[in-house]
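Chemist: how would this look folded up:
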Amino acid sequence: MVNDSNKSIPWEKIENQPEKEHKIRGKDIIEFRSTIEAQQVALDEKNRKFKLLETEKASVESTLNAERARAADLERKLSTLEHDYKNKDAKARATEAEVQTLQEKIAVLEGHGKEIESERDRAKQELEAMARQIETFKRDIGDLQARIVAIEAEKGEFSARLQEEKGQLEKEVADLQQQRDAALEQYVELEKSIKKPKALDQSDLSTARACMTCKHYIIFTEGDYNSVKAIHLFDATHRGHMVSTVTYSEVKSGYVSKTDEFLDRSSKL
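Modeler: Below is the predicted model:
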C-alpha cells in the first residue's frame, strides 16, 4: 500500500518529460521511503507468525507421540497381567480339583484340607484383585485411545488451518514483496528524475522504447509508419513487463538494442 505522499509526486509529468528537472519536496521522498520500510516490517511480522505456527504444530505432534508411547506401554502391561491371570486361573482350577480329591480324605486330612481351602481363598482374592486391575487398565487404554482419536482429529484441523494460514501468509508476503519492489523501482526512478541531467548531444535525445525488465530497447521515429508497427511488436513481446518511453541517453549503457530486429519484423507485416 503506497502512502498518500506518492500522489503529490508528479509522476505523469516526470514520465512525459523525463529529461526535465522537477520540483519534489524532500518530505515526500522521506515519506515514500518510510512506506517501503513499514512494508518490510509487516513482511517480517508475517514471517514471525508463520514460524510460531510451525513451532505449535511440532509441539502438538510431540504430545501425540508421547501419548501413543504411553498407550503402547499400558498395552504391554495389560498383556503381562492377562498372562499372569491365565496362569493363576489355571493354578486355581488345579487347586480346586485337588481340594475335591482331598475332600474324600477329609477325615484324616482335615487340617491339610483347611490349608488348601485357605490357599484357594487367597488365590481367588488375588484373581479378583488382578481382574479389577485388568478392568482398570482396559478403561485407561480406552480413554487413551479416545484421546488419541481426539488428538488426531485436532491435528487434522490444525494442519488444515495451518495450510490455510500459510497460503494466506505466503500470498500476503508475495503482495508485500511486489509492492516493495514496485516502490523501490519508483524510488530509484524518482532519484534519477530529480538529478540534473548532463549535457546531451543530438543522438542522445533520440526517442527510444525500453523494457526495464529485459534491458532491451528500440529507437523509433515519430510519424514513421514502420516505426509505429515496430513499437507495437515490441510492446506485445514485452507485455506484462515494465516498458517505458525514454531517451537514447538513458538506455545506451546497460541495455541491448533490438531496433533492427523489430524494424525488420514490422516491414514483413
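Chemist: the helix or strand harbouring Ala153 packs against which elements?
Modeler: For Ala153, the enclosing helix or strand under DSSP states H and E is helix 110-194. Counting contacts by 3 or more CB pairs under 8 Å, 6 or more residues apart in numbering; DSSP states H and E, helix 110-194 is packed against helix 11-16, helix 26-103. The C-beta positions use only the backbone N, C-alpha and C, and glycine is treated the same way.
Chemist: ok, of those, where does mean pLDDT dip lowest?
Modeler: Taking the average pLDDT of each of these, the minimum falls on helix 11-16, with a mean of 80.
Chemist: which residue packs closest to the most centrally placed residue in the chain, ignoring adjacent ones?
Modeler: Nearest residue to the geometric centre of the chain (CA atoms, centre = their mean): Lys166, 3.9 Å. Computed as CB to CB, 6 or more residues apart in numbering, the closest residue to Lys166 that is not its neighbour in sequence is Phe50, at 6.4 Å.
Chemist: quick revisit: distance check, the residue nearest to the centre of the chain against Pro18.
Modeler: 42 Å (CB to CB, to the nearest Å).
Chemist: then Ala42?
Modeler: The separation that Ala42 has from Pro18, given CB to CB, amounts to 32 Å.
Chemist: what do you get for Asp44?
Modeler: Using CB to CB, we find Asp44 at a distance of 34 Å from Pro18.
Chemist: swap in His216?
Modeler: Where Pro18 is concerned, His216 sits at a distance of 18 Å (CB to CB).
Chemist: between the two, which is the more surrounded one?
Modeler: Under the criterion of other CB atoms under 10 Å, the comparison of His216 against Pro18 puts His216 first, with 22 against 18.
Chemist: my read is that that one contacts His238, right?
Modeler: Yes. Under the criterion of CB atoms under 8 Å, His216 is in contact with His238, at a separation of 7.4 Å.
Chemist: so Lys23, which of the three states?
Modeler: Here Lys23 is coil, with the state taken from DSSP: H, G, I helix; E, B strand; the rest coil.
Chemist: count the residues that sit near Phe32.
Modeler: So Phe32, with other CB under 10 Å, has 20 neighbours.
Chemist: whoops, Glu165 was the one
Modeler: 13.
Chemist: ok, the one 3 residues further on next?
Modeler: Gln168 sits with 12 neighbouring residues when counted by other CB under 10 Å.
Chemist: ok, now Lys46?
Modeler: When neighbours are counted by other CB under 10 Å, Lys46 registers 16.
Chemist: that one contacts Gln168, correct?
Modeler: No. The pair Lys46 and Gln168 does not pass the contact test of CB under 8 Å, sitting 9.2 Å apart.
Chemist: ok, back up a step: indicate which one of the helices and strands packed on helix 110-194 is closest to Met130.
Modeler: helix 26-103 (5.2 Å; CB to CB).
Chemist: for the closest one, packing partners?
Modeler: With contacts defined as 3+ CB pairs under 8 Å, 6+ apart, helix 26-103 has these neighbours: helix 110-194.
Chemist: quick one: name whatever helix or strand follows the helix it packs on.
Modeler: Beyond helix 110-194 on the C-terminal side, the first helix or strand identified by DSSP H and E is strand 207-211.
Chemist: strands paired with that following strand, and their directions?
Modeler: Applying DSSP bridges to the sheet, strand 207-211 is found paired with strand 216-219 (antiparallel), strand 243-247 (antiparallel).
Chemist: run through who's touching that strand.
Modeler: For strand 207-211, contacts defined as CB atoms under 8 Å, 6 or more residues apart in numbering pick out 216-222, 231, 234-235, 238, 241-248, 250-251, 255.
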